[in-house]
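1. sequence plus predicted model, see below.
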Amino acid sequence: MRPLRLGVLGSGKGGNFLAVAEAIRRQEIPAEIVLVASDRSDAPILGLAREKKLAVFACRAGAFRTKLEPEIEAELADRLEAAGVDLVVLAGYLRVVKDPLLRRFSGRMINVHPSLLPSFPGLRAWEQALKARVEQTGCTVHWVNEQVDGGEVIRQTKVPIRMGDTPESLHARIQEAEHRLLPEVIRDLALGRIPWGSATFS
């Protein structure tokens, strides 16, 4: 059985990318990362990928902060397809995914989100949880569809909120949970322990 071919998309520091790459290096996941891409040419995740001698792609700059223009996202989808990607992994990717990616990778794209969805979708979910004064939050890996953070949940990990937590301390513990959860989900998808998504885009 050939390794699962991953395309990792990120906008920031690349912590979840590193967690997946290290799990692959330790042979815990029968997968290989064939492309690391970002909507930002200066994103640290691209530097980390270059250090690991992985193929990288930076989208050209667009006019919007929350999404890519269809033609730019189509270029990204072209690169993912050319790399032979089986599964697209959104790992700290901060753009709303639209038609080009959704259509071409329907049922083959996952995201890791820093809350127990459906609670606290959207940006800075750990701050939302603190403001809501809930007793626990966590992280979720889910299939990606046209609704932001609205795809079918695959697996979740709970993170308790402690007395005196700040947004920074809570976010750090959620990230630690993400770094365990995301590689586990990819491993179980690669091994057929989790059924693949049936999401469609219409």
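-> That came through, no problem.
2. name the residues that touch stretch 111-120?
-> Stretch 111-120 is touched from outside by 16, 89-93, 121, 125-126, 128-129, 132, 134, 136-144, 149-151, 153, 156, 158, 171, 174-175, 178, 181-182, with contacts defined as C-beta atoms under 8 Å, 6 or more residues apart in numbering. All C-beta spots, glycine's among them, are computed from the backbone N, C-alpha and C.
3. which helices and strands sit right next to the helix ranked longest in the chain?
-> For the chain, the helix with the greatest residue count under DSSP state H is helix 167-190. Using 3 or more C-beta pairs under 8 Å, 6 or more residues apart in numbering; DSSP states H and E, the elements in contact with helix 167-190 are strand 4-9, helix 15-25, strand 31-38, strand 87-90, strand 109-113, helix 125-132, strand 136-143, strand 153-160.
4. how does it look with 6 Å?
-> Under the contact definition 3 or more C-beta pairs under 6 Å, 6 or more residues apart in numbering; DSSP states H and E, helix 167-190 sits against helix 15-25, helix 125-132, strand 136-143, strand 153-160.
5. need these in TSV (columns: distance to residue 4, mean neighbour count and mean pLDDT).
-> As requested, the helices and strands packed on helix 167-190 are exported to TSV (distance: least, C-beta to C-beta, whole Å; neighbours: other C-beta atoms under 10 Å; pLDDT from 0 to 100):
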stretch	distance to residue 4	mean neighbour count	mean pLDDT
helix 15-25	10	20	98
helix 125-132	28	18	98
strand 136-143	15	23	98
strand 153-160	15	16	97
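6. how much space separates the closest residue in space to residue 156 that isn't next to it in sequence from residue 32?
-> Nearest residue to residue 156 in three dimensions, chain neighbours excluded: residue 140, at 4.8 Å (C-beta to C-beta, 6 or more residues apart in numbering). Going from residue 140 to residue 32 by C-beta to C-beta, to the nearest Å gives 25 Å.
7. no more questions from me, cheers.
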